[in-house]
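Trainee: Can you look at this prediction? I've put the sequence above it.
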Amino acid sequence: MKMTRFKTVLLSTIACTTLAGAAIAQEKPGKKQPTPAPATAPQMPPAMPPGPPKQGPKPYKEVITSKAVTDTGLFKVHKVEDKFYFEIPDSLLGRDILIVNRITKAASGARAGFYGYAGDQIGDNVIQFAKGPNNKIFIKSISFQEVSKDTSANGMYRSVLNSNLQPIVAAFDVKAYAYADSTHKTSTSSVIDFTDYISGDNDILFFEPAAKNIFKLGMYQADKSYIQNVRSFPMNVEIRTVKTYIKSGPQFPGVPPSATPATYELNSSMVLLPSAPMQARYFDGRVGYFATGYVDFDADPQGVKNISMITRWRLEPKPEDVEKYKRGELVEPKKPIVFYIDPATPKKWVPYLIQGVNDWQAAFEKAGWKNAIMAKEAPTNDPQWSLEDASHSAIVYKPSDIPNASGPHVHDPRSGEIIETHINWYHNVMSLVRNWYMIQTAAVDPKARKMRFDDELMGQLIRFVSSHEVGHTLGLRHNYGSSSTVPVEKLRDKKWVEANGHTPSIMDYARFNYVAQPEDNITEKGLFPRIGDYDMWAIQWGYRWFPDAKTAEAEDPILNKWIIDSLNANKRLWFGTESDPLDPRCQNEDLGDDAMKAGAYGIKNLQRILPNLEEWTKEPNDGYNNLTTMYRELTSQFGRYMGHAAKNIGGVMTTPKTVEQSGAVFEFVSKAKQKEAMAFLQAQLFKTPTWLVNKKYSSLTGSDPVSTIGQLQENTLNRLLNSGILNSLVRAEAQLGTEAYTVTDMLSDLKKGIWTEVATHQKIDIYRRNLQKVYVERLIALFVPQENQNPMMGGSQIKPSDITSLAKAHARTLAAEVRAAAATAPDAITKAHLQDIADRLTTALDPKK
């Protein structure tokens, strides 16, 4: 549905102080006034001192003088000496204008993690210019959170409007009016002095409060700030300023807080939104799009409804191509999606970034569009072109050591229409993809066996990251479930995987095919991610034009049937959200439909890579930092395999469906699969993975394998012995009975694997002692409130539940077995360890003892 733009009502009059009122106001309350002497003639009141002359609009030429330098565009911007005047046409009054604020030059030393680089967005909002009484122009900040379209006598429109008066955030005196002709009867525009508003500091044009808080920006320094320029283009106005703030440093007890200046160059874009918003497309949880929304008071006649709309670019055919599109012919959209490459980008990587954008062409062709998306190098000799101009989308190259990239976008809150995007491309993202590729594929690809990749290999890695980030700017979310639709053994099938890719979506965090084994002889075509079946279909679903459906409501049944038919025909089109903590199909960095099988193959490759790391990371005249980094990457990759398996335990699979679809929405992971996952963890992790221990590497890097392995084990136990997972197991038992994998089953299986030495009376080494101590601490936390678990800060309180009872019963049994084993311990350290464990459990169960 199209969102109706709010129209707020200004008060027609404002109380003014009259001249007589001013005289009255000057009297002192309570003081008796003298009685006037009798007179034969009427007495006039005493003369008032002259006040300031009444200020009002002046003739246009007295304000916009011959000295004015005028820039004509969305509206005229006049620079008269050191003043900037905006000439606001009456036709723009009440129109929605999107404000996008960005950093163009960042303050030195003022970054906060990923944030604070040139090109970063620091705020956006929607405003309207409105005419007020007494020759005023107001700026109103516009919200679209609540909507009603019903303007009938009994409709909700007026009530919603009365409860959503848009705030006036700035007011300006009209300095002059422009008229259509010499009669000066009807003005066509109002001239306001915008200088002070630009020179000052406000939330509309500059840093939003949240951004100021992140950068710790305090008092604004007006004397150290200035306006660089203001330029007007046909659909936007660009304001460039330099702003200086006092940046507060870290505070320490007894030490006065430090305060240093932080200077930024900022760009504020004022972009006119369409008078008729794009037709919205409603969000559907079975297709992964970002969404924006509002509360609709008309959609449900007996209540309200939260409406969510996907964010997407407006693609419409040219009038002469409408019939061609209807016939199924490919047509070019009125306005294609164009990305410009930052001129600061190293030239050798530009072709790969461009290719990463252009790779999406095939997806848009599925939706009926040709030449719908493309990348170009930014103009270098055009003074009218700016990278920060919000009418341009760009891939912005950032000289940063942050190993990442991101693809945000700015959209019209009324419809979800994406207006522009600035992809953040951090220089050090190359180290990230290099590390991934070496650790995940060096066992099968010789090109990955060095620290400096060939330009072609690095270029192709850049290409895939570019495509992923562009996908976000097209509206697509991460599809963490995509890789779960691929049978693990297909990832070793050279012909199949090179034809289909190792995941159906580049929006998955699937990275590279770590399942492929050396003997499979799979090439880079079967190792790299690519735009796949899901991506093609998701773009088709989001960008297909339905000319006969005039509203979003009319599209709904068409789109619903399309999804059902498509998913029935091709399981590879399934979308799995990135925000489901219990669904084992929805994980990042995983591959295939079976985490245990995929992890086992991945571990085989890690075991092949580890002995070669010293040689593959060696560089002339360098130390062992590379070896340190890559050993850490290898152990992290191993930890991911453990996490992938662990998510099966207590897992709940969620498959969103409409009432037209059969089958369950929520399903517990089978008991057999959970026992398989537990057996995998016991064999690969809880039984000490001694293959990770390399004494030579420890001597060269100072790494501590005891700490490394201990942390991996602790991370997994933290997930398993967690109230959320245990509650999921309790719910499963309540519904499935004997078919469920229960809390008792899990605790029993853990005890068999982690406490083997207690039953066999064997010596317990340091790795296992640490593992057992972590296990006991996590177990105790299930029935003893922790001091640092504040429920107001996200912690938990112990409540009466089966979890508490089962944990206590398990602790009692374990305490008795451990104490008995301590009596026959084979060595002193084992005995001391078991006695300590028994004491901890006993104290936790009965603090009085």
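Mentor: Sure thing, it's come through. This is a predicted model, so every value here is computed, not measured.
Trainee: Tell me, please, where in the stretch 201-350 of the chain the pLDDT is lower than the cut-off.
Mentor: 249-258, 296-305 (pLDDT under 70).
Trainee: give me that answer again for 50
Mentor: Judged by pLDDT under 50, the stretch 201-350 of the chain has no weakly predicted residues.
Trainee: quick one: the strands in the stretch 651-800 of the chain?
Mentor: Using DSSP state E, counting those that start in this stretch, the strands of the stretch 651-800 of the chain run over residues 652-654, 666-668.
Trainee: The first one: how far from the chain's middle?
Mentor: It stands for strand 652-654. Centre-to-centre, strand 652-654 and its host chain are 24 Å apart (C-alpha atoms, centre = their mean, to the nearest Å).
Trainee: So for that strand, mean pLDDT?
Mentor: The predicted model gives strand 652-654 an average pLDDT of 98.
Trainee: ditto for the last one
Mentor: Computed over strand 666-668, the mean pLDDT rounds to 97.
Trainee: Can you tell me how far the residue nearest the centre of the chain is from residue 235?
Mentor: Centroid-nearest residue in the chain: residue 408, 7.2 Å away (criterion: C-alpha atoms, centre = their mean). Relative to residue 235, residue 408 is positioned 21 Å away (C-beta to C-beta, to the nearest Å). The way it works is simple: take the backbone N, C-alpha and C, and place the C-beta from them, glycine included.
Trainee: Kindly reformat the strands of the stretch 651-800 of the chain as JSON lines containing distance to residue 169.
Mentor: Output for these, formatted as JSON lines (distance: least, C-beta to C-beta, whole Å):
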{"stretch": "strand 652-654", "distance to residue 169": "42"}
{"stretch": "strand 666-668", "distance to residue 169": "46"}
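Trainee: Of these, flag the one that's most buried.
Mentor: For those, the largest average neighbour count (mean count of other C-beta atoms under 10 Å) is found in strand 652-654, namely a mean of 18.
Trainee: Give the pairing partners of it; include direction for each.
Mentor: In the sheet, strand 652-654 lines up against strand 666-668 (antiparallel) (DSSP bridges).
Trainee: And the strands in the stretch 301-450 of the chain?
Mentor: 305-310, 337-341, 373-377, 393-398, 405-406, 410-411, 418-420, 422-426.
Trainee: from what I can see residue 536 touches residue 363, true?
Mentor: Yes. Contact status for residue 536 versus residue 363: in contact at 4.7 Å, counting by C-beta atoms under 8 Å.
Trainee: Point out where the stretch 1-150 of the chain drops to low pLDDT.
Mentor: Short version for the stretch 1-150 of the chain, where the test is pLDDT under 50: 1-46, 48.
Trainee: Tell me where it has helices.
Mentor: Along the stretch 1-150 of the chain, counting by DSSP state H, counting those that start in this stretch, helices occupy 19-26, 60-63.
Trainee: now swap in the stretch 601-750 of the chain and tell me
Mentor: Using DSSP H, counting those that start in this stretch, helices in the stretch 601-750 of the chain cover 613-616, 625-646, 671-681, 695-701, 705-720, 723-736, 743-754.
Trainee: could those go into CSV alongside distance to residue 221, mean pLDDT and mean neighbour count?
Mentor: Listed next are those as CSV, based on distance: least, C-beta to C-beta, whole Å; pLDDT from 0 to 100; neighbours: other C-beta atoms under 10 Å:
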stretch, distance to residue 221, mean pLDDT, mean neighbour count
helix 613-616, 51, 98, 17
helix 625-646, 41, 98, 20
helix 671-681, 57, 98, 20
helix 695-701, 47, 96, 14
helix 705-720, 46, 97, 18
helix 723-736, 48, 95, 17
helix 743-754, 60, 97, 18
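Trainee: can you put these in CSV and add distance to residue 438?
Mentor: Below are these laid out as CSV (distance: least, C-beta to C-beta, whole Å):
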stretch, distance to residue 438
helix 613-616, 7
helix 625-646, 7
helix 671-681, 25
helix 695-701, 16
helix 705-720, 19
helix 723-736, 33
helix 743-754, 32
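Trainee: closest to residue 55 out of those helices?
Mentor: Nearest to residue 55 among those is helix 723-736; the distance by C-beta to C-beta comes to 65.2 Å.
Trainee: Against which helices or strands is that closest one packed?
Mentor: Helices and strands touching helix 723-736, by 3 or more C-beta pairs under 8 Å, 6 or more residues apart in numbering; DSSP states H and E, are strand 666-668, helix 743-754, helix 802-822.
Trainee: Pipe the ones you listed into a markdown table and attach distance to residue 705 per row.
Mentor: Listed next are the helices and strands packed on helix 723-736 as a markdown table, based on distance: least, C-beta to C-beta, whole Å:
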| stretch | distance to residue 705 |
| --- | --- |
| strand 666-668 | 37 |
| helix 743-754 | 19 |
| helix 802-822 | 26 |
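Trainee: In contact with residue 606: list those residues for me.
Mentor: Going by C-beta atoms under 8 Å, 6 or more residues apart in numbering, residue 606 touches 439, 443, 634, 637-638.
Trainee: hmm, 10 Å instead?
Mentor: 439-440, 442-443, 514, 634-635, 637-638, 641, 689, 691-692 (C-beta atoms under 10 Å, 6 or more residues apart in numbering).
Trainee: Now for residue 726: which residues touch it?
Mentor: 650, 720, 742-743, 746-747, 782, 801-804, 806-807.
Trainee: These into JSON lines, with extra columns for distance to residue 825?
Mentor: Shown next, in JSON lines, are the contacts of residue 726 (distance: C-beta to C-beta, whole Å):
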{"residue": "650", "distance to residue 825": "34"}
{"residue": "720", "distance to residue 825": "27"}
{"residue": "742", "distance to residue 825": "32"}
{"residue": "743", "distance to residue 825": "30"}
{"residue": "746", "distance to residue 825": "27"}
{"residue": "747", "distance to residue 825": "24"}
{"residue": "782", "distance to residue 825": "27"}
{"residue": "801", "distance to residue 825": "35"}
{"residue": "802", "distance to residue 825": "34"}
{"residue": "803", "distance to residue 825": "31"}
{"residue": "804", "distance to residue 825": "31"}
{"residue": "806", "distance to residue 825": "28"}
{"residue": "807", "distance to residue 825": "26"}
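Trainee: out of these, who's nearest residue 393?
Mentor: Set against residue 393, the nearest of the contacts of residue 726 by C-beta to C-beta is residue 650 (42.8 Å).
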